[in-house]
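Peer 1: Please work out how this folds:
(one chain, ligands or ions: 1)
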Amino acid sequence: MCGIFGIALSSDAALGAILRRALERLEYRGYDSAGIAVVSSGSLVVRKDVGKVADVARRHGFDSVRGRTGVAHTRWATHGKPSQANAHPHTDCAGRIAVVHNGIIENYEELKAELAAKGHVFTSETDTEVFAHLMEEYEREGLSPWDAFRKAVSRIRGAYALAVVDLGEPDKVFFARNLSPLIVGVGDGYNVVASDIPTILDHTKNALPLRDGEYGYISPAGVYIERDGVAVSISGRVQQVPWSAEQALRGGYPHFMLKEIHEQPEALSSTIAGLEPRRLAEAAEMLLNARRIYVLGAGTSYYAGLVFQLGLTSYKLLAYPIIASEYATYEGVFDSDDVAIAVSQSGETIDTIKAARAVKERGAKVIAITNVVASTLARESDYVLYTRAGPEIGVAATKTFTTQVALLTALHIAVGRALGIDVSAEESSLKRLPDVVRRAIELNEGSAKALAEDVASSKNAYYLSRGLGMPVALEGALKLKEIAYIHAEAYPAGESKHGPIALVEEKFPVVFVFSDPSAKEKLLNNVAEMRARDALLIGVVPKGDDLTKKLKYVFEVPNMDPMTNAASFVVPLQLLAYYTAVRLGRDPDKPRNLAKTVTVE
Ligand code: F6R
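Peer 2: Numbering: from 1, shown residues only. Here you go, the predicted model:
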């Protein structure tokens, strides 16, 4: 859960500033400390510290460092608390090798003991530092830096994306990947490696996503990749990334999250325009031929998966939703006739990847729903359907959720069509979705800002719904919890009476989601129960509905069918969470303790 970057240029440049910019892009992946290492006039300059990138860069004068080859890192602590010593890059005893790493080297304790016995002195509590000393040890034994790097890679186990500079081969950045994302950017007279595509885009549109088990180096002249000691051809693997660098910038908004909320109409239009009826029909066929269907995902992606799972019930089809990190419980159940839909915007969430692998190991098929072309999940799945949300930088998922719901609705339509069911109403809803979401923003941004004042002074909130409104309630509560740090829970409204209602007292915010019309009547009873307890009644309701009179605050959204409504009714709740976080002085783009992509179990 860290961001790494490496670059090899053909002549000296203000490399410190280039590395700082890369770290600013990568900061969403972790932001407790940052650092750079640059090969500069025959010596290795390492600068690192605790804090956000901009502060560390300013305090340590990153911009004044010149050089041709360098690596950089922004950290989300796994082993060792955030401290200057634990910040990356990590170096060997002689200070000639610098390593940045995202992941966990599982056998680091045993390697550390072995190296310490040989006299290596460790200065951090991290797992990463062993790699610098391992290379140093092999160089002491007479290996070249490249051979030492290869041998060191062969000794480590676990998840890693590594980038390494070594004064012994000053023009190269060595890299290796296993389970953690790493992409090579192929330039003209220079090359880069980075944890994600937006960071590559500052330099080139030509991306080469690495595969597990691959390692190699970049130099200004080229890219070399090996696997198990054998050179790997890169021909045909370099892809043109369709995103512009501007797409990855904030575009005038105070936060990425707000920009991404406003980008939803466009992200939805692109996703809908990119739908391929033939591929959807093939995926639908796979589902209909399956003995059992599972829906896998984590966090927001899991909730998008729930929309699909609940949507299938309208065809009398039962799918099993599984929170990806809980897959092990179900492992024995997976069978070769089954199909799993794995939902992950990044395609790099380790829990979802592991769950998908477990499904595949039992011979079942996996259909990936992801936003990132050639991500690990996309590559390892039997079938991939892509959302086209563009890069999402804010840690809280927004446009990736709504585009996932749109894509899953399209798949739902394809299943319906294969069953001979009339899907025309749902189809026209899906077409209208980008405009409806635009309208949902226009109609509700002002009221979200106003209501944020009240919500900000609360310590708790409930989000209640029924049926296809439940994933919206779950997602709304998750947004408020993760960026505003207000304790928010979603419950099926009926279930609220089996315990949760005990907490409700005067002004306790209760948000009702009325996106599923079949639930309206019963949900109104639950509104009455909460009114009787003087709760602060908030609702997301179909525009023009008489419900507006029954609640203190309402967000109105044009009504469509309940599946598509899941993508539009969530919008006011995204805005409410955003403005509440801002009101409380939280940084919505970098919520504490969270990272954009969870790459450790
Ligand atoms: C919440 C959020 C997370 C992610 C989850 C899965 O706002 O972003 O809950 O949805 O970590 O991530 P992906 O979709 O990349 O697998």
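Peer 1: and the closest residue to the ligand within the stretch 51-200 of the chain, backbone torsions?
Peer 2: Across the stretch 51-200 of the chain, no residue is closer to the ligand than residue 181, which sits at 10.6 Å (Cβ to the nearest ligand atom). Glycine gets a C-beta too; all of them are placed from N, C-alpha and C. Reported as degrees, to the nearest 10, the phi and psi values for residue 181 are phi -70, psi 140.
Peer 1: what about the helices in the stretch 401-550 of the chain?
Peer 2: According to DSSP state H, counting those that start in this stretch, the stretch 401-550 of the chain carries its helices in the segments 424-456, 470-479, 520-532.
Peer 1: Please apply the same query to the stretch 1-150 of the chain.
Peer 2: With DSSP H, counting those that start in this stretch as the criterion, the stretch 1-150 of the chain has helices spanning 15-26, 53-59, 108-117, 129-140, 145-155.
Peer 1: got these as TSV, with mean neighbour count and distance to the ligand columns?
Peer 2: Converted to TSV, the helices of the stretch 1-150 of the chain look like this (neighbours: other Cβ atoms under 10 Å; distance: least, Cβ to the nearest ligand atom, whole Å):
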stretch	mean neighbour count	distance to the ligand
helix 15-26	24	15
helix 53-59	18	21
helix 108-117	16	25
helix 129-140	25	26
helix 145-155	20	26
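Peer 1: Of all the ones you listed, which one comes closest to residue 500?
Peer 2: helix 15-26 (39.2 Å; Cβ to Cβ).
Peer 1: Give me the contacts around that closest one.
Peer 2: By Cβ atoms under 8 Å, 6 or more residues apart in numbering, the surrounding residues in contact with helix 15-26 are 3-5, 7, 9, 34, 36, 38, 40, 47, 53-54, 57, 61-74, 192, 194-196, 198-199, 202, 248, 393.
Peer 1: okay, the helices of the stretch 1-150 of the chain in a markdown table with mean pLDDT next?
Peer 2: Listed next are the helices of the stretch 1-150 of the chain as a markdown table, based on pLDDT from 0 to 100:
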| stretch | mean pLDDT |
| --- | --- |
| helix 15-26 | 96 |
| helix 53-59 | 96 |
| helix 108-117 | 97 |
| helix 129-140 | 98 |
| helix 145-155 | 98 |
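Peer 1: residues near whichever residue of the chain sits closest to the ligand, how many?
Peer 2: In the chain, the residue that lies nearest the ligand is residue 299 (1.8 Å; Cβ to the nearest ligand atom). Neighbour count for residue 299, taken as other Cβ atoms under 10 Å: 24.
Peer 1: Which pLDDT value belongs to it?
Peer 2: What the model reports for residue 299 is a pLDDT of 98.
Peer 1: how close does the closest residue to it other than its chain neighbours get to residue 577?
Peer 2: Distances taken as Cβ to Cβ, 6 or more residues apart in numbering place residue 478 nearest to residue 299, at 6.7 Å, with adjacent residues excluded. Distance of residue 478 to residue 577, computed by Cβ to Cβ, to the nearest Å: 9 Å.
Peer 1: Of these two, give the one with the bigger neighbour count.
Peer 2: residue 577 (30 against 23).
Peer 1: gap between the more buried one and residue 253?
Peer 2: Distance, residue 577 to residue 253, by Cβ to Cβ: 16 Å.
Peer 1: residues in contact with the nearest residue to the residue of the stretch 51-200 of the chain closest to the ligand once chain neighbours are set aside?
Peer 2: Closest residue to residue 181 apart from its sequence neighbours, by Cβ to Cβ, 6+ apart: residue 348 at 4.7 Å. Residues near residue 348 by Cβ under 8 Å, 6+ apart: 180-181, 372, 375-377, 597, 599.
Peer 1: Find the nearest non-adjacent residue to residue 381, please.
Peer 2: Nearest to residue 381 is residue 368, by Cβ to Cβ, 6+ apart, at 3.7 Å.
Peer 1: so which helix or strand takes in that neighbour?
Peer 2: strand 365-370 (DSSP states H and E).
Peer 1: circling back: ok, which of the helices of the stretch 1-150 of the chain comes nearest residue 362?
Peer 2: Per Cβ to Cβ, nearest to residue 362 of those: helix 145-155, 30.1 Å.
Peer 1: other SSEs contacting whatever helix or strand comes next after that closest one?
Peer 2: On the C-terminal side of helix 145-155, the closest following helix or strand by DSSP H and E is strand 158-166. The contact analysis (3 or more Cβ pairs under 8 Å, 6 or more residues apart in numbering; DSSP states H and E) places strand 158-166 against strand 3-13, strand 33-40, strand 67-75, strand 97-105, helix 129-140, helix 145-155, strand 173-178.
Peer 1: Any idea how many residues pack against residue 229?
Peer 2: Residues near residue 229, counting by other Cβ under 10 Å: 7.
Peer 1: try residue 107
Peer 2: So residue 107, with other Cβ under 10 Å, has 14 neighbours.
Peer 1: How many residues are close by residue 336?
Peer 2: Residue 336 has 9 neighbours, counted by other Cβ under 10 Å.
Peer 1: And it, how far from residue 520?
Peer 2: 42 Å.
Peer 1: Residue 3 too?
Peer 2: Where residue 520 is concerned, residue 3 sits at a distance of 46 Å (Cβ to Cβ).
Peer 1: swap in residue 301?
Peer 2: Computed as Cβ to Cβ, the residue 301 to residue 520 distance reads 28 Å.
Peer 1: These two: who's more crowded?
Peer 2: residue 301 (26 against 16).
Peer 1: Now that one: which helix or strand?
Peer 2: With DSSP H and E as criterion, residue 301 is part of helix 299-312.
Peer 1: how about whatever helix or strand comes next after that helix: buried residues?
Peer 2: Next helix or strand after helix 299-312 toward the C-terminus (DSSP H and E): strand 319-323. Buried positions in strand 319-323, judged by neighbour count with 16 or more other Cβ atoms under 10 Å: 319, 321-323.
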